[in-house]
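Asker: Sequence and computational prediction follow.
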Amino acid sequence: MSYGIEFVPGNVNVKQVVNYCKLAESKDIDFAWITNHYNNRHCYPTLAAIAMETDTLKMGPGIMNTFTDTPAAIASFMATLNEISDGRAVLGIGPGDLSTLPKLAIEPTKPVARLQEGVVQIRALLSGEEVKKTGDMEFFDYDGAKLTGVTLPGKKGIPIYIGAQGPKMLELAGTIGDGSLINASNPKDFEAAIPIIKKAQEAAGRKSHDVGAYTAMSIDQSEKKARNAAKIVAAFIAAGSPPPLLQRHGLDMNNVAKIKEALSRFDFKAVGGLVGDAEIDAFTIAGTPEIVKQKCDDLMAAGVTQIIFGSPLGPDMTNSIRLLGKYVV
C-alpha cells in the first residue's frame, strides 16, 4: 500500500503547495498529484518547484490530457521533470474534462482512442525512439518526432497512470496503464471498477497495476467540522454523477436535482442544507482520524493499492496532513 496527496494550485499558491508537499513527505506520504485546470496555476512549473524542494516524494500531474497538450509536449515535460527530481516523476493522464473542453473550443471526440494513441507515442518518445509515420494512427501519426535535448528516463521509464471512470476507460487503464487514478472514495465503486481493470490487465499480459483511489478527503479531530468541510465537494460530485452511480449509492435523485440547481445559482448556503450524510458518505471520506483510518482500510480490502488524499483534506490543511501522517499512513 502506498499513499498520495492531491493539491489544487487554484485555492492555494505555488509556494504553499510546495510547503504542503514538504510536510507530506515528512509524514511518509509517497506521491504528490497536482491537478491540471486551465483556469488555475499551471501544474508544470508547480511540479518543477516541488521537485526542487523534496527528496523522496514522487510527483506528477493529476491529470493531463491529449486534447489540451500533445503527446510530444507531455513527453518533453515528463522527461524534464524526471531529470529535475532524480527519477521521481510519474504521469497521470486521462481523457480530458468533457465539461471544460467545449469552453475552450475543443470538441472532445473519441477520447478513449485519442488517449490510447497519446500514451503509445509518449512511451515511444521517452524511450528515445524516432517516431515515424505509419498510417495507423488517427490523431498523432508523428513523422520523425524525437526527443533530442532531454535526459531520457532509461529502461525503467516513467510510470503512467490512467484517469479512469467509465467501463471503456477502466478497460484501457488495465490494458496500457502502470496504474489508474479513479475518482472515488467508496468501496462500492472499486468493487465495480477493479474487475474490469484486472480482466483487461490479464488479457494484455501486464504483470502489475497500481489502483489509485483519488478520494475526496476531510479529516479533523472534530467529526462535525470534517464533515462540514466535505459538503461542497460532495455536492459537486453528486451533481456531476450519472444516474447509475447515484443509484449504486441509493441517493435521492430529487435531492440531487435540488443540489444541482442550487449550485447553478452559486447558492452555497442552500447547498449546505441539502447535502446530507448520504451524499457525504457516498462521495467522500470525512470524519475523525479513527473513522478515516477505518474507511481507508475498507478501500484496501476492496483492492485499492494507493490511497490519494484529495481535496478538501479538511478544515485546516496543515493540521489535516499532520493527522493523516500520524493516524492513517
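Answerer: It's in.
Asker: which residues in the stretch 1-150 of the chain form helices?
Answerer: Using DSSP state H, counting those that start in this stretch, the helices of the stretch 1-150 of the chain run over residues 14-26, 43-53, 71-84, 111-126.
Asker: try the stretch 201-329 of the chain
Answerer: With helices called from DSSP H, counting those that start in this stretch, the stretch 201-329 of the chain shows them at 223-240, 243-248, 253-264, 268-274, 277-283, 289-301, 317-327.
Asker: List the buried residues in the second one.
Answerer: What that stands for is helix 243-248. Going by neighbour count (16 or more other CB atoms under 10 Å), the buried part of helix 243-248 is Leu245, Leu246, Arg248. Every residue, glycine included, has its C-beta placed from N, CA and C.
Asker: again, but for the fourth one
Answerer: Along helix 268-274, the positions that meet the burial threshold by neighbour count (16+ other CB under 10 Å) are Ala270, Val271, Leu274.
Asker: now swap in the longest one and tell me
Answerer: Applying a neighbour-count criterion of 16+ other CB under 10 Å, one finds 225-239 buried in helix 223-240.
Asker: Show residues contacting that helix.
Answerer: For helix 223-240, contacts defined as CB atoms under 8 Å, 6 or more residues apart in numbering pick out 99, 183, 216, 218-220, 246, 251, 256, 259-260, 262-263, 268, 271-272, 274-275, 277, 279-280, 282-284, 286-288, 291, 311-312, 314-315.
Asker: cool, and the shortest one?
Answerer: Contact partners of helix 243-248, identified using CB under 8 Å, 6+ apart, comprise Lys188, Asp189, Ala192, Ala238, Met253, Val256.
Asker: can you rerun that using 6 Å?
Answerer: The contact list for helix 243-248 (CB atoms under 6 Å, 6 or more residues apart in numbering) reads Lys188, Val256.
Asker: cool, stretch 172-190 as well?
Answerer: Stretch 172-190 is touched from outside by 92, 112, 116, 119, 159-164, 193, 197, 200-201, 204, 210-212, 214-216, 248, 282-285, 298-299, 302-304, with contacts defined as CB under 6 Å, 6+ apart.
Asker: With stretch 263-276 instead?
Answerer: With CB under 6 Å, 6+ apart as the test, stretch 263-276 has contacts from Lys231, Ala234, Ala235, Ala239, Lys258, Ile259, Ala262.
Asker: The last one: how many residues sit nearby?
Answerer: By that I understand Ala262. Around Ala262 there are 20 other residues, counting by other CB atoms under 10 Å.
Asker: Met169 and Asn19, how far apart?
Answerer: As judged by CB to CB, to the nearest Å, Met169 and Asn19 stand 34 Å apart.
Asker: Who has more neighbours out of those two?
Answerer: Legend: neighbour count by other CB under 10 Å for Met169 and Asn19, higher for Met169 (22 against 14).
Asker: Spell out the secondary structure type for that one.
Answerer: Three-state call for Met169 (DSSP: H, G, I helix; E, B strand; the rest coil): helix.
Asker: Identify each buried residue in stretch 256-264, please.
Answerer: Within stretch 256-264, the residues scored as buried using 16+ other CB under 10 Å are Val256, Lys258, Ile259, Lys260, Ala262, Leu263.
Asker: Tell me the one of those residues nearest Pro9?
Answerer: Leu263 (22.7 Å; CB to CB).
Asker: ok, the contacts of stretch 263-276 vs Ser76, which is closest?
Answerer: Ala239 (36.4 Å).
Asker: Can you check the pLDDT for the closest one?
Answerer: For Ala239, the model assigns a pLDDT of 92.
Asker: mind listing what Ile285 touches?
Answerer: The contact partners of Ile285, by CB under 6 Å, 6+ apart, come to Ser185, Thr215, Met217, Val292, Lys295.
Asker: Strands along the stretch 51-200 of the chain, start to end?
Answerer: Assigned by DSSP state E, counting those that start in this stretch, the stretch 51-200 of the chain shows strands spanning 58-61, 64-65, 91-94, 160-163, 179-182.
Asker: Only alpha carbons, please: show the first one as PDB.
Answerer: Okay, so that is strand 58-61. Output of strand 58-61 as PDB, limited to C-alpha atoms (Å, rounded to 0.1, in the frame of the first residue of the first chain):
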ATOM      1  CA  LYS A  58       7.200  11.000  -6.300                       C
ATOM      2  CA  MET A  59       5.200  13.600  -8.300                       C
ATOM      3  CA  GLY A  60       3.200  14.100 -11.400                       C
ATOM      4  CA  PRO A  61       0.200  15.900 -13.000                       C
END
